[in-house]
Structure formats: C-alpha cells, structure tokens
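Q: Prediction below, plus the sequence it came from.
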Amino acid sequence: MELHTCLWNDVQAFSFSDEDLTPIVTRFPALKVVRHTTHQQFLDQAHRADLVLTWDFESAWYAGCPKLKAVLTPAAGNDWAQADPDNRVDLIHGSFHGEILAESLLGAMLFMNHKMPDMLLNQARTGWDRNLQTTTRLLANQQVLIIGFGHIAQACARLIESTGAHVTGVRRNLEGAQASASRLEHIDKLPELLPQSDHVVLLLPETKETDRFMDSERLRMMKQGSYLYNFGRGNSLLPSDLLAHMDHLGGAFLDVTEVEPLPPDSPLWHHPKITITPHSSCIYREYKELFITEVIARIAHYID
C-alpha cells in the first residue's frame, strides 16, 4: 500500500516534515510513504495512492485516484478537503481539536472576564488604577452559552465547567446528541437563553445556514455587559453587526473574522473592547503529534 502526503502549510505549526511522519513509518514498515511538496506533484502520482494525508483535496481529483480508500485531513471543518461525489472514498477529518481549542477558549474567557484589555490599556498609559477590576466576578457560577455544540464544543464545555461555570449547549438537531454540558437546548431557545448568558461562544461551521447567524437581532438579545467569542468561522458574525452593538456588550474576542487575514484598515483592530487573534486557537506544539497519533489508528483500520 502507498500513503501519499500533501501536508505543507504556511503556518509552521501545521506544516508536516519527514520527521513528523516518522511514527507512521515506524508503525507500518511495509507501507510506502510518498511525501509531495506541490499538488501537481501529487496529481501526477495520484493513481498509485491507497491513502492520502492532505490539507486540500478537490472533488475532481477523486477520478484520478482509482485505488484510493481514504483521504485523511487534519482540518476539523470542510473548508479545504471536499468529499468524493461518488461516495467511494472515505473523507476523514481530524477529531483531536477539542482539547486544544478548549484551552484557548478558556484562556480568552478568563482574559475578558477579568478585564485584562482594560489592564493592558492601563499599562500603556503607565497607570496604577486598582479599581478597574472592581466589578469583575469569578467565572464560577456564571452562565456560558455555546452555540454549535459538536465534539469540539463538548471538550470546551468540560474544561469550562471545571471552573464552576454553568454551560448550556445549543444545537439545531438534538437527536442522539451527547450532553457534556449542564444543559442542552434546541436553537429555537436562543431568545430565552441569550439574555441569561454572561458569555456567548460561537463554534459554528461555515455553511449557508450559518451566514450572519449572530445578526443584529441576536446581538441585541444578549445580556448587557456580556462577552461574545467567535472560535468557529467568521461568516457567522459580520463586523458591521458587531460594531453596532459594542456599547451594549462587555467585550468581544475574535479568533476568526469574516475576511481572513483581517485587513489592516478594519475598525475591529482598533476597538478597545475587541481582542483579535489570527485564527490561532489551535496553534500548539502538540498539534501535529495529536494528528499523527489519530492517523496511525485510522491507517491500522485500512491495513487490517
């Protein structure tokens, strides 16, 4: 069998070297591993591939892969790798992101909850104002609402609830859903839940249904002084909608934006109540190791 890889990336934490692939070679000595550095290089040899590890895979490429059994991608969402239109080849997304993103989200919540943006401004003006955090509360017993309650959100809920906070997960489909939160509610309950929540987290995928999901009407429903976080996809929250309601909100933390990279002239950069990270919630040293560990278990299935 041949395993072909197309795992280069502009982000160093997401770009796999030969050394990163060593555990696969060690575990499966009879498996031929072919590493490509361009898509064209892969396409020229695609007819030989039994398995593919890749960030990108276009639907048209499946026709040139008669032996292909599975495409495995580190990505959690369907942004880059497309499914086989003939449903012949398995498309398997990474499922290890939850424990990684959960730490980033909890860090963001603690940062906003204790008014650290105000403290950074205080430092910039060389102030010593010990009253800025007077109104802050412990995260314990606060209400956290997670919209888009998939497997990543479940990992987030477990970590957040370890602080004593109460998590409510929201989904479109409750049938067969695993509840790892204090409550699990249908999306229709948002008009009731948004005014009660101290922290609202968006973990929505990019689909037509999620375009401008957190619109002006829903932002207006949020509790006065509450915090909004977007760790899903940027299409669900437009800058114009968010900026129009920042006086009402306590603050916003955005790891994703509608346009990425966020243009330098975007007013989001300069708003004192908005914190931005460059879609980096999963950038940790362990990212590649976790993916390879998961891939080894997947490959064993196909080889066996």
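A: It's in.
Q: how about low-confidence regions in the stretch 151-300 of the chain?
A: 176-181 (pLDDT under 70).
Q: how about a cut-off of 80?
A: Scanning the stretch 151-300 of the chain for pLDDT under 80 picks out 175-182.
Q: where along it do the strands fall?
A: Residue ranges of the strands in the stretch 151-300 of the chain, as given by DSSP state E, counting those that start in this stretch, are 166-171, 183-186, 199-202, 227-230, 251-254, 274-276.
Q: Pick the most deeply packed of those.
A: strand 199-202 (a mean of 26; mean count of other Cβ atoms under 10 Å). For glycine as for every other residue, the C-beta is placed from the backbone atoms N, C-alpha and C.
Q: How far does that strand sit from its chain's centre?
A: 13 Å (Cα atoms, centre = their mean, to the nearest Å).
Q: what are the pairing partners of it, and which direction each?
A: When pairing is defined by DSSP bridges, strand 199-202 lines up against strand 143-147 (parallel), strand 227-230 (parallel).
Q: Any idea which of those strands gets closest to residue 69?
A: strand 143-147 (34.8 Å; Cβ to Cβ).
Q: Can you tell me what sits against the closest one?
A: Strand 143-147 is contacted from outside by 109, 153, 156-157, 160, 165-170, 181, 187, 190, 193-194, 196-204, 213-214, using Cβ atoms under 8 Å, 6 or more residues apart in numbering.
Q: follow-up on the earlier one: redo the strands of the stretch 151-300 of the chain as CSV? Include distance to residue 148.
A: Putting these into CSV (distance: least, Cβ to Cβ, whole Å) gives the following:
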stretch, distance to residue 148
strand 166-171, 7
strand 183-186, 12
strand 199-202, 6
strand 227-230, 10
strand 251-254, 15
strand 274-276, 20
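Q: Nearest approach to residue 140 belongs to which of the ones you listed?
A: Here strand 166-171 is closest among these (Cβ to Cβ), at 9.2 Å.
Q: So residue 90 sits against residue 69, correct?
A: Yes: assessed by Cβ atoms under 8 Å, residue 90 is found in contact with residue 69 at 6.8 Å.
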